[in-house]
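[1] sequence and predicted structure, then a few things I'm wondering about:
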Amino acid sequence: MSTSTPQNDAKTVANRTIVQAAVLAFVVLLSIVAWLAFDFILLLFASILFGVLIHGVSRWLCSKTALSYKLSMGVFFVLLLLGLGGGGWLVAPSVAEQADALSDSLPEAVERLRERAEQLPWANELLQQRERLEDSLPDGSSAFSVVTKVMGSIVGALSSFAIAFAIGICLAINPQIYVRGLLKLIPLGYRPRAAEVLDESGSTLRAWLLAKLLEMLLIGVLTTLGLWLLGIELALVLGLIAGLLSFIPNIVRCWR
């Protein structure tokens, strides 16, 4: 029969407090690491999405044909290149023409917006503050900084896309290697359940990605059709932009 003493109660409370503090410190540390490695996490997520897409389509082709998995993956890349090439050949001239028209009309739209903003007292004050700030900077430094950031963002996005796609191909070639490696990090008793969770997560992610791609296509087509019926000249390029941007509804990113 065990008796509870004030010394044992104090030791129990101290141990519980230490455990709670350790868990809190671990959560805070993990949040800091996730914040600092935000770009890496996004790149890893994009790579997993590409891998899931390639693996899902290749496995579907393999199940519907007599081809092996790797041959099905090769057929997928050939079809992807043909689709992109054919689509580019059909719509690229129109998209390029409308993109040039959009770039020419944007300054006029910004100027009209500026004229309307000057009619509002608070907006006019913000514009004056911005002009004072630009006047205090060396000549050309503000424009050069903006151009540098835009070019850096474009180059960074393209390089990140290429890296994520390459990693996705590596993941799709033999995904079981990475699944087995991840399961080895889990205690032996929980591995069967972890394997079920990973398999279910993969199926859910494939279904979500397919639904998202169909949503992008639907938004792009309906936006283009609606703007064309309204007589908007830049219907195709605006519909394309709407479809692409619908993949991620909200992006919060600070330029570095």
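    Thanks, I have the structure now. Numbers count the residues shown, from 1 in each chain.

[2] where does the stretch 1-150 of the chain dip in pLDDT?
    Low-confidence segments of the stretch 1-150 of the chain, defined by pLDDT under 70: 1-10, 87-88, 90-99, 101-107, 109-110, 114-150.

[3] tell me, how many residues neighbour residue 208?
    Around residue 208 there are 12 other residues, counting by other Cβ atoms under 10 Å. All C-beta spots, glycine's among them, are computed from the backbone N, C-alpha and C.

[4] err, residue 244, not the other one
    Around residue 244 sit 12 other residues, with neighbours defined as other Cβ under 10 Å.

[5] could you verify my assumption that it touches residue 219?
    No - counting by Cβ atoms under 8 Å, residue 244 does not reach residue 219; the two are 9.4 Å apart.

[6] so residue 55, which of the three states?
    For residue 55, the secondary-structure state derived from DSSP: H, G, I helix; E, B strand; the rest coil is helix.

[7] and if you look at residue 186?
    Three-state call for residue 186 (three-state DSSP): coil.

[8] got phi/psi on it?
    With angles defined as degrees, to the nearest 10, residue 186 sits at phi -100, psi 140.

[9] so it sits against residue 195, correct?
    No - contact criterion Cβ under 8 Å: residue 186 and residue 195 do not qualify, at 9.0 Å.

[10] where do the strands sit along the stretch 151-256 of the chain?
    For the stretch 151-256 of the chain, applying DSSP state E, counting those that start in this stretch gives no strands.

[11] low pLDDT regions in it?
    For the stretch 151-256 of the chain, applying pLDDT under 70 flags the ranges 151-155, 248-256.

[12] let's see that with 80 instead.
    151-158, 232-238, 244-256 (pLDDT under 80).

[13] can you tell me how far residue 190 is from residue 196?
    Computed with Cβ to Cβ, to the nearest Å, the distance linking residue 190 and residue 196 is 10 Å.

[14] state the number of residues packed around the nearest residue to residue 228 once chain neighbours are set aside.
    Excluding the flanking residues, the one nearest residue 228 by Cβ to Cβ, 6 or more residues apart in numbering is residue 235, at 4.2 Å. Residue 235 has 19 neighbours, counted by other Cβ under 10 Å.

[15] go ahead and confirm residue 235 touches residue 221.
    No - contact criterion Cβ under 8 Å: residue 235 and residue 221 do not qualify, at 10.9 Å.
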